[in-house]
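Asker: got a predicted structure plus its sequence, pasted below:
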Amino acid sequence: MKKMGLGMLLGGLGMLAGCLSPQQHGAEKQDENQEVIQRLQGIWLDDNTEAPLFKIQGDSIYYASQINAPMPFSVHNDTITVYSAQPIHYFIEECLSYSLRYRTSVGETVSLHKAESDTLSFGTVVPVKVVENEVFEKDSVIFHGGERYRGYAYINPTKKRVTLVSINEEGLPVENIYYDNIIHICVYKGKERLFSKDINKEMFARVVPADFLNNAILSDMDFVKVDEKGYRYVATLCIPDGAACYNVRLDVSKEGSIVFSR
């Protein structure tokens, strides 16, 4: 039950926190419960596991995870408001100098206690996947009009990072780092090279939604067709370690222009 409540508290992570104008935020601060805010200063631990969950410093919350960017909050009467993309409200049941119990909007109760020291180790090491230097090669042979065409795809790892945020079993945010690819494609008829080009994921901006594309990796490419108009590849863009993918057609003309479509 407690994990569910903490997960909701963290629901706005990864989004911009500047939801209020300076004038609105100033008006909000005039009505803040400064006494409760002072009690909340420090590092707060889970009552059951003794693990640090978050630190409150000034009017900001820092979570005990790889994500140490502050999120602003305020306290009005008996309500904590965390400012994410949309303000989230939590109802204080008890706030003493060294204990905190609050209720989420769905009625779940979360109980914490304050650490005796504010010098506890805070945060964890970001898991980073090592960039492999090996280039993965794919090729396919297609016959058209009695001619033999061979299409290649060379998947090249890069140092371009894609950072994804997830929630672990303890309900804390985890920042995972992956690396994107550039894929070189080329078509040959015998020894004659008919076409070649480097493809990166930014080229798919007109056919793949921006929010998906930002979190995706150009992961695969297949040579699938030759006709009188030209050549066709199918690219795959996926969210790392997830099931969500887009397949996009690359129709290459004999002159070398590319049309991207789904």
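Answerer: That came through, no problem.

Asker: now stretch 50-64 - C-alpha only, CSV.
Answerer: Listed in CSV are the C-alpha atoms of stretch 50-64, where the atom choice follows Å, rounded to 0.1, in the frame of the first residue of the first chain:
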residue,chain,number,x,y,z
GLU,A,50,15.0,2.7,6.9
ALA,A,51,15.9,3.5,3.3
PRO,A,52,16.1,7.2,2.5
LEU,A,53,13.2,8.2,0.2
PHE,A,54,13.6,12.0,-0.2
LYS,A,55,15.3,15.1,1.1
ILE,A,56,13.6,18.4,1.7
GLN,A,57,15.7,21.5,1.5
GLY,A,58,14.2,24.9,1.4
ASP,A,59,11.1,24.7,-0.8
SER,A,60,12.4,21.8,-2.9
ILE,A,61,12.2,18.0,-2.8
TYR,A,62,15.2,15.8,-3.9
TYR,A,63,14.4,12.1,-4.4
ALA,A,64,16.7,9.3,-3.3
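
Asker: so what does the helix or strand containing Lys159 touch, helix or strand wise?
Answerer: When elements are assigned from DSSP states H and E, Lys159 belongs to strand 147-167. Applying 3 or more CB pairs under 8 Å, 6 or more residues apart in numbering; DSSP states H and E, one finds that strand 147-167 makes contact with strand 136-144, strand 173-189, helix 210-215, strand 217-226, strand 230-238. C-beta here means a position set from N, CA and C on the backbone, and glycine is covered the same way.

Asker: other SSEs contacting the second one?
Answerer: Translated: strand 173-189. Packing partners of strand 173-189 (3+ CB pairs under 8 Å, 6+ apart): strand 147-167, strand 192-199, strand 217-226, strand 230-238.

Asker: buried residues in stretch 236-244, which are they?
Answerer: For stretch 236-244, burial by neighbour count (16 or more other CB atoms under 10 Å) applies to 236-240.
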